[in-house]
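Colleague: here's my sequence, what's the structure:
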Amino acid sequence: MSWTPTYHKRNLGNLADLAPNTKAAAMKWYQYCIDNKIDVLIYETIRTEAQQRENVRNGASQTMRSYHLVGQALDFVPIKSGKALWAKAEYGKRPFIDAIRYAEKVGFESGYRWGWDAPHLQYNYKGYGTDKYLTATAAVPVNTLNKDEVKVLQEKLAKLGLDTNGVDGIYGKGTTNAVMILQRRTGLVVDGIAGKATLAKIDQLIKEKGLVGTPGKFRVYTGVFGTHEKAEAAAKEIGFNAFAKDLRAWTGIFTSLEAAEEACAYISGKYGYNPKIRKE
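Modeller: Reported below is the predicted structural model:
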């Protein structure tokens, strides 16, 4: 396993309470912290009205319109040698200021910049209380596997009939989707994270020579466009190694039906096309 934050389990539990798009951005930020070995404790995300009322009463908060009440904020503290560093000055030191800068890059507003609320990261989304349905690109799940371990995971998922979009050691969208399909079909928590329970289930299925997915070669194609240029523009838009042919946009090859179905759902939901699957 690669480096893991001191309070990793607690951090994941608190992140799980956030509103969907805020959570997606927060997970991306937390992965950045892991990748750069920036140890933090995410000590609060969602907050009740009673908690906020008490915070206002004792001066810890200034308003009842807190983004914590609607799941669009988190509070964190730097950790060094297992110890929390609460002083505002600590947030301005590297690597913690780098974490704040990255949070701002993915859309958070930092209380550190306000001069009085250094722990606070706030995701405005489309305004207060607007983050109710997931519309942002799904976050890459928090991954504590190193590159070689991810390759082994991808090889095992392929044996189970699932497409990870290659065996490259990168825990990207293809691997995330494969893990989520396995989790859905085996009754595990669906979070896209290859944690202890998921890895154990994979090993069990490998031992039993089971298949979770439907292996094969599949492409997804969309519409009939008026011109080749329009089909090319659509192919560039939808990704998945798509190309234009016969006034349609065709994706690259998927090596499981489930991966093609995931691509269909994504293309339909994001771009409004009516994609179909063809077995090669």
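Colleague: next, the buried residues of stretch 9-19.
Modeller: By neighbour count with 16 or more other Cβ atoms under 10 Å, stretch 9-19 contains the buried residues 11-12, 14-15, 18-19. Glycine gets a C-beta too; all of them are placed from N, C-alpha and C.
Colleague: out of those, which sit inside helices?
Modeller: Among the buried residues of stretch 9-19, the ones falling in helices (DSSP state H) are 11-12, 14-15.
Colleague: tell me which of those residues is nearest to Ser81?
Modeller: When these are compared for distance to Ser81 (Cβ to Cβ), Asn11 wins out at 17.5 Å.
Colleague: tell me the secondary structure of the closest residue to that closest one other than its chain neighbours, please.
Modeller: Excluding its sequence neighbours, the residue lying closest to Asn11 (Cβ to Cβ, 6 or more residues apart in numbering) is Ile42, at 4.5 Å. Secondary structure assignment for Ile42 (DSSP: H, G, I helix; E, B strand; the rest coil): strand.
Colleague: so Ile42 bridges to which residues?
Modeller: Beta-bridge partners of Ile42, counted by DSSP bridges, are Phe76.
Colleague: hmm, Ala16 and it touching each other?
Modeller: No - contact status for Ile42 versus Ala16: not in contact, 10.6 Å apart, counting by Cβ atoms under 8 Å.
Colleague: could I get the pLDDT score of Gly187?
Modeller: As summarised for this prediction, Gly187 has a pLDDT of 84.
Colleague: helix/strand/coil for it?
Modeller: On the three-state scheme (three-state DSSP), Gly187 is labelled coil.
Colleague: how far does the lowest-mean-pLDDT helix or strand in the chain sit from its chain's centre?
Modeller: When each helix and strand of the chain is scored by mean pLDDT, DSSP states H and E, helix 49-57 comes last, with a mean of 81. Taking Cα atoms, centre = their mean, to the nearest Å, one finds helix 49-57 lying 31 Å from the centre of the chain it belongs to.
Colleague: ok, the closest residue to Val212 other than its chain neighbours to Val167 distance?
Modeller: In space, not counting the residues next to it along the chain, Val212 is nearest to Leu160; the distance is 4.5 Å by Cβ to Cβ, 6+ apart. When Cβ to Cβ, to the nearest Å is applied, the distance between Leu160 and Val167 equals 13 Å.
Colleague: these two - which one has more neighbours?
Modeller: Leu160 (21 against 15; other Cβ atoms under 10 Å).
Colleague: what's the spacing between that one and Asp17?
Modeller: 31 Å.
Colleague: what segments of the stretch 51-200 of the chain are helices?
Modeller: With DSSP state H, counting those that start in this stretch, the ranges of helices along the stretch 51-200 of the chain come out as 88-91, 96-105, 147-159, 173-185, 196-207.
Colleague: which of those helices sits most buried?
Modeller: helix 173-185 (a mean of 23; mean count of other Cβ atoms under 10 Å).
Colleague: which elements pack onto that one?
Modeller: Other helices and strands packing on helix 173-185, by 3 or more Cβ pairs under 8 Å, 6 or more residues apart in numbering; DSSP states H and E, are helix 147-159, helix 196-207, helix 257-271.
Colleague: hey, least reliable of those helices by pLDDT?
Modeller: helix 257-271 (a mean of 85).
Colleague: how big is the angle separating that one from helix 173-185?
Modeller: Using axes from the mean of the first three to the mean of the last three Cα atoms, to 10 degrees, the inter-axis angle of helix 257-271 relative to helix 173-185 is 110 degrees.
Colleague: run through who's touching helix 257-271.
Modeller: Identification of contacts with helix 257-271 by Cβ atoms under 8 Å, 6 or more residues apart in numbering yields 162-163, 165, 174, 177-178, 181, 213-214, 216, 218-220, 222, 234, 237-238, 240, 251, 254, 273-277.
Colleague: rerun that using 6 Å as the cut-off
Modeller: The contact list for helix 257-271 (Cβ atoms under 6 Å, 6 or more residues apart in numbering) reads 163, 177, 181, 213-214, 218, 220, 238, 240, 254, 273, 275, 277.
Colleague: max pairwise distance over those: which two?
Modeller: Maximum distance among the contacts of helix 257-271 (Cβ to Cβ): 23.9 Å, for Gly213 and Tyr273.
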